[in-house]
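J.: starting from these lines, generate the structure:
(one chain, ligands or ions: 1)
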Amino acid sequence: MNKIILAVGFCIAGVLLIAFLLIKSQGGLSGDPGAFASMDGPAIFGRSCARCHGKLGEGIPNLTPPLRGRNIPLAHIKKQIQKGSLKMPALPFIRGKALDRLARHVAGLK
Ligand code: HEC
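T.: Now for the predicted structure:
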């Protein structure tokens, strides 16, 4: 009897661990604004944008537009991050100075 309880306990712990790891691996698409406070533009880009737009902002064919070499206006970049669009999720937890740093980095991608 005790063995069954123990086995069930391990199963529950395993499921919780997997759920936790899955949530952790989503990191960057959700977040505490404080986590971005100490990160520079490239670091935030790497964490929250690169998975979809490529490490260098080169875009992924048929999936995301390239961001580099386009001189995208700062205001447009910020709005896109804050509001999202049809196919891009909003990332409103990136804001304030972190948003400024990120937008300047994206605008300057060559
Ligand atoms: C889940 C994937 C995904 C993530 C993460 C993501 N984007 Fe996007 N992004 C897209 C898609 C898809 C589009 C095309 C928008 C559309 O057609 O609705 C887009 C469009 C854009 C545009 C508009 C480009 C244009 O041509 O007008 C900008 C700017 C942008 N993203 C910046 C960012 C930044 C900066 C980040 C990180 C904070 C980011 N994106 C994170 C998927 C993503």
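J.: from now on I want contacts and neighbour counts done on CA atoms only, so please keep to that.
T.: Fine.
J.: give me the contacts around the helix or strand encompassing residue 44.
T.: According to DSSP states H and E, residue 44 maps onto helix 41-48. Taking contacts as CA atoms under 8 Å, 6 or more residues apart in numbering, the residues outside helix 41-48 that touch it are 27-29, 36, 55, 98, 101-106.
J.: buried stuff in stretch 95-110?
T.: With burial defined by 16 or more other CA atoms under 10 Å, the residues of stretch 95-110 counted as buried are 95, 98-109.
J.: which segments of the chain make up each domain?
T.: 1-30, 32-107 (automatic domain parsing).
J.: show me what from this protein comes close to the ligand.
T.: Applying CA under 6 Å from any ligand atom, we find that the chain lies next to the ligand at 45, 48-49, 52, 63-65, 77, 80-81, 85-89.
J.: make a PyMOL selection of the buried ones in those.
T.: Those of the residues of the chain next to the ligand that count as buried under 16+ other CA under 10 Å are selected in PyMOL with:
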select buried, resi 45+48+49+52+77+80+81
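J.: quick check: the residue of this structure nearest the ligand.
T.: When distances are taken as CA to the nearest ligand atom, the chain reaches nearest to the ligand at residue 49, 3.4 Å away.
J.: please tell me how far that residue sits from residue 78.
T.: In this structure, residue 49 and residue 78 are 13 Å apart, going by CA to CA, to the nearest Å.
J.: ok, residue 62 next?
T.: 23 Å.
J.: between these two, who's got more neighbours?
T.: Using other CA atoms under 10 Å as the criterion, residue 62 and residue 78 rank with residue 78 on top: 21 against 6.
J.: which one of the buried residues of stretch 95-110 is nearest residue 69?
T.: When these are ranked by distance to residue 69 (CA to CA), residue 109 comes first, at 5.9 Å.
J.: where does the nearest residue to the closest one once chain neighbours are set aside fall, secondary structure wise?
T.: Nearest residue to residue 109, sequence neighbours excluded (CA to CA, 6 or more residues apart in numbering): residue 68, at 4.5 Å. Assigned by DSSP H and E, residue 68 falls within no helix or strand.
J.: hang on, residue 68 packs against residue 56?
T.: Yes: with contact defined as CA atoms under 8 Å, residue 68 counts as touching residue 56 (7.2 Å).
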